Each structure stands twice: as structure tokens, then as C-alpha cells.
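Compute the structure for the input listed below.
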Amino acid sequence: FIGSMISSLTTIKESMMARVGNSIIKGIEVQEIITTLNRAYADEWLAYYQYFIEAKVVKGLMKDAAIAELVQHAADELRHATMVADRIIQLGGAPLLHPADWLKQTNCGYDAPNDFDVVAVLKDAIKGEQCAIATYSSIVDLTRNKDIVTYDLVSQILADEVMHEEDLQNLRGRDAADRR
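Here you go, the predicted model:
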């Protein structure tokens with residue numbers, strides 16, 4: 001009985017927290033934010049896997065430097081997925097629960113690596129970061145002056161994605177110079 005009562009009180013408390021927190025959101029429906037964040041959540045999981053698998057199969061000059069960068073980016077994408085999932089839950093929603101939904105809901109898609117050369121892998125990774133930058137830029141625009149919490153969270157992730165693109169472009173430039 002007491003366990004059930006504590007569980008009920010916890011549910012009520014969480015529900016009230018979401019309502020109070022959600023009350024600061026103006027000019028946009030909470031469900032629109034949740035749907036948009038779930039699409040970004042799908043992107044983060046697919047980006048995580050893309051970096052993970054590319055780090056395993058990449059070949060060629062600068063392979064070791066590329067692996068180090070890809071492993072770090074994979075960890076960052078997983079951290080982003082956690083941040084986005086936490087915000088979705090905070091808003092009263094649920095993150096996508098099945099990996100098959102990631103492919104259905106993604107903004108950026110998933111391209112399995114088919115050329116394991118470091119240049120091709122870096123090109124694919126840069127393309128993914130550019131899509132992430134476009135996605136998070138649009139979420140920043142969507143939430144600006146409407147949902148400050150999501151806006152701040154997405155701005156942090158956007159800054160990471162910009163840094164990732166720069167890191168990959170620099171690594172690709174070093175590889176091109178080494179091939180001359």
C-alpha cells in the first residue's frame with residue numbers, strides 16, 4: 001500500500017513539474033517540440049552508430065587520427081541523444097522507443113559506409129555534420145523566444161556540431177596534404 005502511494009505521489013509530482021515547466025513555453029505547442037526533438041533524437045542515434053562503425057572500418061593514411069576523431073564524435077553524439085531524450089521526457093513526452101523508428105523519423109538519414117578509405121569516410125561524416133547543423137539551426141529558430149530551455153539545450157548541441165564539422169574538415173585537409 002505505502003509503495004503504491006509513494007509511486008502515485010511521485011507520478012503526481014512529475015506531472016505537476018512538467019505542467020509548471022511547460023507553462024513557460026509560449027507561442028508553440030509542446031507536442032510540436034517533442035516531435036521535432038524526437039527527429040533530432042533519431043539523428044543522434046544514427047550519427048552515433050555511423051561514427052562507431054566508421055571508426056571500425058576506416059582504412060588508409062591518417063587512419064589513426066581519423067579513428068580518434070570518430071570515436072570522440074561518437075561519444076558526443078551519444079551524449080547529445082541523452083540530452084535530447086531527457087528534454088523530451090521533461091516536456092512530458094517519450095523518446096522514440098524502437099531503433100526502426102530512428103530510420104523513419106530521421107532528418108539526416110543514414111548512409112552505411114561503402115568506401116572505407118579515410119577520405120570517403122571523412123566526406124560522409126562532414127555531410128552528416130552539415131545536416132546536423134541545419135537541423136539544429138532550424139530548431140533554434142523554432143524555439144527562440146518560445147521555449148528557452150530547449151533553445152539553450154539545442155544551442156549547446158549546435159555549437160558541438162559546428163566544432164565537429166570544423167574538426168573533420170581540418171582532418172580531411174591534413175589527409176589531402178599528406179597524399180601530395
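
all helices of the protein, in order?
2-22, 30-57, 63-90, 99-105, 118-143, 148-179 (DSSP state H).

Out of those helices, which is closest to residue 111?
Taking C-beta to C-beta, helix 118-143 is the member of those nearest to residue 111, at 6.1 Å. C-beta coordinates here come from the backbone N, C-alpha and C atoms, glycine included.

what about that closest one, distance to the chain center?
Offset of helix 118-143 from its chain centre (C-alpha atoms, centre = their mean, to the nearest Å): 10 Å.

Quick one: list the elements packing against that helix.
If you count contacts as 3 or more C-beta pairs under 8 Å, 6 or more residues apart in numbering; DSSP states H and E, helix 118-143 packs onto helix 30-57, helix 63-90, helix 148-179.

In contact with residue 132, which residues?
43, 47, 108, 161, 164 (C-beta atoms under 8 Å, 6 or more residues apart in numbering).

at 6 Å instead, please
Neighbouring residues of residue 132 by C-beta atoms under 6 Å, 6 or more residues apart in numbering: residue 161.

Now do it against residue 82, distance only.
Distance of residue 132 to residue 82, computed by C-beta to C-beta, to the nearest Å: 16 Å.
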